[in-house]
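Peer 1: dropping the sequence and predicted coords here.
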Amino acid sequence: MPVDAHIHFANLFERDPGFPDRFAASGIASCGASHDPAEFAWSEAFRDRMRAEGGIAPRLSYGIHPQWPVMDHADFLAGLARSDRIDFIGEAGFDFFGDRPEFTRSPDTLATQRRAFEFQLELALETGIPLLVHLRKAMDLAFEYAKPLSKLPAVLFHSWPGTPGEALSLLGRGIKAYFSFGSIVMNGHKRAASSLAAIPDSTILSETDAPWQPPRKGAFCRFEDIGPVVASMATVRGIDESAMEALIAANWARLFGEAP
């Protein structure tokens, strides 16, 4: 069973209106990410359709994204978490990549992103819901929050950006971390590949981030790209593609306390 641990259903629908029927027949386990109520409503309706049709119902996440760290929907997020309507809180985290002024690290941007992150971290601690983390040029902050992160049932680092040493160090601090990899491995990103090669089997997940982070020469990422992603991951780990897929599926089940 392929696993796409991070996909944006509503955004993908805007670029590929025919994807829902293909996805329903794909047998992919997934988590649909949302960052505003309308996007969540679309994803929840899609999840309910999949459930009604007997397919593999996606899990859902909702978060205050560090690229848009406004608190307008904080109460909405809290309501989702406290009524068990989401499986992850997030994407929560920090983004100082610098490709926009608001993504440049400064006292003001750090304070704004910190407020959104701490709200979501506290909500995750309160509800026991796993946290979905987005980091760009902010690895030091993952270590700053290592102690409270270690108290969560799971922390999923989406599109893991760090080094092997950083991943192993987070695990060494007691964080029940999972590291998800997508098209950057397929595109030959050396640091991602080195991390993937070094971390324990039990911490590895796959994702597309569709429609974002497209493969080289792709206009956007499609959910079908999970196949090439997993194949690339298998090559890095030096194992068969079917074994890689099975390992990831077992990790996905374990993350939620289910038997593989």
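Peer 2: Cool, the structure landed.
Peer 1: after the strand or helix carrying residue 134, next one along is what?
Peer 2: Take DSSP states H and E as the rule and residue 134 turns out to sit in strand 131-136. Moving toward the C-terminus from strand 131-136, the next helix or strand (DSSP H and E) is helix 139-144.
Peer 1: can you give the contact residues for that next one?
Peer 2: Helix 139-144 is contacted from outside by 93-94, 114, 117, 133, 135, 149, 157, 161-162, 166, 169-170, 173, using C-beta atoms under 8 Å, 6 or more residues apart in numbering. The C-beta positions use only the backbone N, C-alpha and C, and glycine is treated the same way.
Peer 1: show the buried residues in those.
Peer 2: 93-94, 114, 117, 133, 135, 149, 157, 161-162, 166, 169-170 (16 or more other C-beta atoms under 10 Å).
Peer 1: mind listing which of those are in strands?
Peer 2: Within the buried ones among the contacts of helix 139-144, residues falling in strands by DSSP state E are 93-94, 133, 135, 157.
Peer 1: could those go into TSV alongside distance to residue 204?
Peer 2: As requested, those are arranged in TSV below (distance: C-beta to C-beta, whole Å):
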residue	distance to residue 204
93	20
94	23
133	16
135	17
157	11
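Peer 1: make TSV out of those and add pLDDT.
Peer 2: Shown next, in TSV, are those (pLDDT from 0 to 100):
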residue	pLDDT
93	97
94	97
133	98
135	96
157	98
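Peer 1: which parts of the stretch 1-150 of the chain are helices?
Peer 2: Shown for the stretch 1-150 of the chain, the helices assigned by DSSP state H, counting those that start in this stretch span residues 9-15, 19-24, 37-52, 74-82, 107-127, 139-144, 146-149.
Peer 1: what's the fourth one packed up against?
Peer 2: Based on contacts counted as 3 or more C-beta pairs under 8 Å, 6 or more residues apart in numbering; DSSP states H and E, the elements that helix 74-82 packs against are strand 59-62, helix 107-127.
Peer 1: distance of the spatially closest residue to residue 132 that is not a sequence neighbour relative to residue 63?
Peer 2: Closest residue to residue 132 apart from its sequence neighbours, by C-beta to C-beta, 6 or more residues apart in numbering: residue 90 at 3.1 Å. Residue 90 sits 4 Å away from residue 63, going by C-beta to C-beta, to the nearest Å.
Peer 1: close enough to count as contact, residue 42 and residue 12?
Peer 2: No - contact between residue 42 and residue 12 fails when scored by C-beta atoms under 8 Å: they sit 10.3 Å apart.
Peer 1: neighbour count winner among those two?
Peer 2: residue 12 (23 against 16; other C-beta atoms under 10 Å).
Peer 1: how close does the more buried one get to residue 46?
Peer 2: For residue 12, the distance to residue 46 - C-beta to C-beta - is 10 Å.
Peer 1: buried ones in stretch 150-170?
Peer 2: Per 16+ other C-beta under 10 Å, stretch 150-170 contains these buried residues: 152, 154-162, 166-170.
Peer 1: distance between it and the chain's centre?
Peer 2: 12 Å (C-alpha atoms, centre = their mean, to the nearest Å).
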